[in-house]
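J.: only the shape, not the letters, is given here:
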DNA sequence: TTGTATGCGTTATCAA
DNA sequence: TTGATAACGCATACAA
């Protein structure tokens, strides 16, 4: 008879492994139901019994299986968040704010970056059945997919997107800030203002263009726009082109800081003077010379609000639709010129 | 007899809701097992049968419950990643690389930011039983917790941490790059070099200090260190103090770009000249004037490698221990002086 | 090729 | 106060 001796080390190395509520129940000489009651504090249990159960739990290093719990409760205790790329501090901060708030509420966070994935819709739908609710952030998938997700039955909160019927939405203010920014430029004598961005690219870009446009119109200036990608390279190239043409702009209102910094670089290379403004107040904006005039958004707050809004839906605390617009702050620095 | 008529809209509004494999089976007149077989392609099914099943699936908009699948398969199909807060671009990029790789393998990613949370250990353990494996990134929790997680039975990969027995580890090169950087400074005539960082704060900070230290020792220079936090403010304040003292340093080797930029700011404020170097090559480093000399790490690659290493463990493809060190690249720009 | 029956690990209902 | 036991939704070994 070959005795299979399990080394003690092995025995204690992987505790909690495969230990189920039944093992605990057996050891404590109670039913699994009672173990559950003790652990969740859901029903009164005799002190002596509780004692035995806790002892068994500790000895066996029992940890309830999330899978079992989730299946029985029919909830994941997890939220999802979908974002375009996360490059750039903007998305990062929002995600962090979101995670922080979710964590406080005992929920895990599943992230999904859609990048340029062709199967983004598929991935989002897949995410939908791993969470109790999700935030759709920016231009990640189109409205059709949003509807599909909503049809899944889980709450959805939109972030930085165009409005949709019956879906909660949180945005930051765009038009007014862009309007003020443009007025500021005009007030300092800039005549030929061009907007660098793609209104069709995102709701934010569209809102900002609307504000710029409005200010220009009021000032009876030409409403110039150079459709442009949202990254540094695009900003550089677009600006380079604009600044070499004949009728050169003297101010560039850019859809974000990356574009603005790229544009400043181009201007520097060409040795031309031009006022530049960005959006987001990324770190590099403060270190650029001249320091970049920009607009600050409450990024972390944005994420936190989204998490809160989602939570309300999940718990059913709120039924009314939310459409919130968080305020932004225009930061006038040196890059917009006109200052001594 | 009151006929309860469900409005059509309601009927189609929430499809897939509560539709189980049994409903599909019933509708297709097969057993649930067969439905499963069709959906997973795990066993041959007669074409006609498959046809019926697929039709029923489509009509009912059936989506298998992740919870059910996970419980039956006893795996989550999800990975975790834990990181400190340091919302610099470094962590972000790594997380993205990780998510991308994980997504390719059909796994979701749960994130956990430990920040200053006191219950970080608890949160990490909680995360552990929602995933099939996880990456522990940087100074998030101490070794004891790592062991606890490992004891849980799920694979763990360490990232940017000190070595631990029996745990996979991926780091980026620190010492050699720091050594080269310091030699470069010395070669350009800098005499009094001070390292700004906290070797006890992270493995990376320690490695970098080791390299700086080595170069200084070889050059028979004083090995000065100013223990300093890892953010902009800390860099600013520490540098401000150093640069107002009597025996002023002429070069500051900083643990990261944020600290370096803060230091440059302080120098600018004080109107003193000092060479400064950073680490990470964040965007602001390129826009600072003078542009910041720094060290670039393969951030996305770091995340991807971690995901790959984890996957190997989860699938059991690999049993041997990994201890990988990814190469970095020193980027000499203007902030280290000595260039015409 | 298909169906039956059981397991997965909890929670919760209903009795006792 | 406690114990059986039925969900929860799927996968799969075993039969047929």
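T.: Received, thanks. Keep in mind that this is a model prediction, so the values were computed, not measured. Numbering: from 1, shown residues only, chains lettered A, B, ... in the order given.
J.: just the pLDDT at residue A:203, thanks.
T.: At residue A:203, the predicted lDDT confidence score is 89.
J.: from DNA strand C, how far out is it?
T.: Residue A:203 sits 40 Å away from DNA strand C, going by CB to the nearest atom of the strand, to the nearest Å. Just so you know, the C-beta spots here come from the backbone N, C-alpha and C atoms, and that holds for glycine as well.
J.: residue in the stretch 201-340 of chain A nearest to chain B?
T.: Closest approach between the stretch 201-340 of chain A and chain B, counting by CB to the nearest CB: residue A:284, at 3.9 Å.
J.: that residue: what secondary structure?
T.: Assigned by DSSP: H, G, I helix; E, B strand; the rest coil, the conformation of residue A:284 is helix.
J.: which ones are touching the residue nearest to it when sequence neighbours are not counted?
T.: Closest residue to residue A:284 apart from its sequence neighbours, by CB to CB, 6 or more residues apart in numbering or on different chains: residue B:284 at 3.9 Å. Residue B:284 is in contact with A:282, A:283, A:284, A:286, A:287, B:257, B:261, B:292, counting by CB atoms under 8 Å, 6 or more residues apart in numbering or on different chains.
J.: does residue A:263 sit in a helix or strand, and which one?
T.: helix A:257-270 (DSSP states H and E).
J.: residue A:140 contacts residue A:81, correct?
T.: No: under the criterion of CB atoms under 8 Å, residue A:140 is not in contact with residue A:81, lying 10.0 Å apart.
J.: neighbour count winner among these two?
T.: Applying other CB atoms under 10 Å in any protein chain shown to residue A:140 and residue A:81 shows that residue A:81 carries more neighbours, namely 29 against 25.
J.: the more buried one against residue A:95, yeah?
T.: Yes: judged on CB under 8 Å, residue A:81 makes contact with residue A:95 at a distance of 6.1 Å.
J.: tell me, what's touching the two both at once?
T.: Shared contacts of residue A:81 and residue A:95, counting by CB under 8 Å, 6+ apart, come down to A:109, A:111.
J.: which stretches in chain A count as helices?
T.: In chain A, the helices defined using DSSP state H lie at A:8-13, A:21-28, A:32-40, A:47-60, A:66-73, A:89-104, A:120-128, A:143-151, A:175-187, A:203-218, A:232-244, A:257-270, A:283-287, A:299-315.
J.: tell me the angle the fifth one makes with helix B:120-128.
T.: It stands for helix A:66-73. In terms of direction (axes from the mean of the first three to the mean of the last three CA atoms, to 10 degrees), helix A:66-73 departs from helix B:120-128 by 70 degrees.
J.: how about the helix holding residue A:263 and chain B, any contact?
T.: Yes: counting by CB under 8 Å from any CB of the partner chain, chain B is contacted by helix A:257-270 at A:258, A:261.
J.: and that helix, what does it pack onto?
T.: Judged by 3 or more CB pairs under 8 Å, 6 or more residues apart in numbering or on different chains; DSSP states H and E, the packing partners of helix A:257-270 are strand A:193-196, helix A:232-244, strand A:251-254, strand A:275-277, helix A:283-287, helix B:283-287.
J.: closest one to residue A:216 among those?
T.: Residue A:216 lies closest, by CB to CB, to one member of those: strand A:193-196, at 6.1 Å.
J.: tell me how far the closest one lies from the chain's centre.
T.: Here strand A:193-196 is found 27 Å from its chain centre; the criterion is CA atoms, centre = their mean, to the nearest Å.
J.: likewise for stretch A:65-85?
T.: Distance, stretch centre to chain centre, for stretch A:65-85: 18 Å (CA atoms, centre = their mean).
J.: what about that stretch, average pLDDT?
T.: Stretch A:65-85 shows a mean pLDDT of 95.
J.: same question for stretch A:126-133.
T.: Here the average pLDDT along stretch A:126-133 is 97.
J.: do stretch A:327-340 as well
T.: 85.
J.: what about that stretch and chain B, touching?
T.: No: applying CB under 8 Å from any CB, one finds stretch A:327-340 separated from chain B by no less than 11.2 Å.
J.: report the buried residues of that stretch.
T.: A:328, A:330, A:331, A:332, A:333, A:335, A:336, A:337 (16 or more other CB atoms under 10 Å in any protein chain shown).
J.: which residues of chain A lie near DNA strand C?
T.: Residues of chain A lying close to DNA strand C by CB under 7 Å from any atom of the strand are A:18, A:20-22, A:32-33, A:36, A:39-40, A:42, A:62-65, A:67-69, A:71-73.
J.: mind running it again at 6 Å?
T.: Within reach of DNA strand C by CB under 6 Å from any atom of the strand, chain A has these residues: A:18, A:20-21, A:32-33, A:36, A:39-40, A:42, A:64-65, A:67-69, A:71-73.
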